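All I have is the shape, not the residue letters:
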């Protein structure tokens, strides 16, 4: 029964993970913390931190970790295959259908998904922004960052921008 729950829960994550990466965080949190209660919010934050320091997509790393925690090696395998396999089957099916459709249907489908991805990225960003911009100093740093992006040197050398703001963050915090 636990393996079926893992398969269904992570299939939902895989199917709903439009945009990948950080845009999937609200969905992953909802399924792991609220729906199935496999993790507490603190546990979710720990899984997120772990997923950030290990190679691979966040959803796959979370599936492997939670699956292993819930049902050992078999659980990790089922959860990981579900998070990858479910959307893969959908993509193969939709792609086959769109190839048989009228000219340009694939491009129209991709364009229709863009607002969904933008909304998911916004949902992922807002909770992080509330925490990060709780004081005036981070807001000023954000404004300085936006301003620095207008400087040609930083646009052409993004690592220099990261270094500059890493040093500023170290000095200020």
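On my side now, so go ahead. Being a predicted model, the structure only gives us computed values, none of them experimental.

gap between residue 71 and residue 43?
In this structure, residue 71 lies at 16 Å from residue 43, with CB to CB, to the nearest Å as the measure. (Each C-beta comes from the backbone N, C-alpha and C, glycine too.)

err, residue 97, not the other one
When residue 97 is compared with residue 43 (using CB to CB), they lie 39 Å apart.

Next: residue 88.
With distances taken as CB to CB, residue 88 is found 28 Å from residue 43.

Where do the domain boundaries of the chain fall?
Residue ranges for the structural domains of the chain, counted by automatic domain parsing, are given in the record as 2-132, 133-173.

Run through this structure and note the low-pLDDT ranges.
Low-confidence segments of the chain, defined by pLDDT under 70, are located at 18-21, 23, 124-143, 145, 147, 149, 169, 172-173.

Now do the helices in the protein.
2-16, 25-29, 41-53, 58-100, 105-132, 136-148, 152-156, 158-172 (DSSP state H).

Indicate which one of those is closest to residue 35.
For residue 35, the closest of those is helix 2-16, at 6.9 Å, according to CB to CB.

helices or strands up against that closest one?
For helix 2-16, the helices and strands in contact under the criterion 3 or more CB pairs under 8 Å, 6 or more residues apart in numbering; DSSP states H and E are helix 25-29, helix 58-100.
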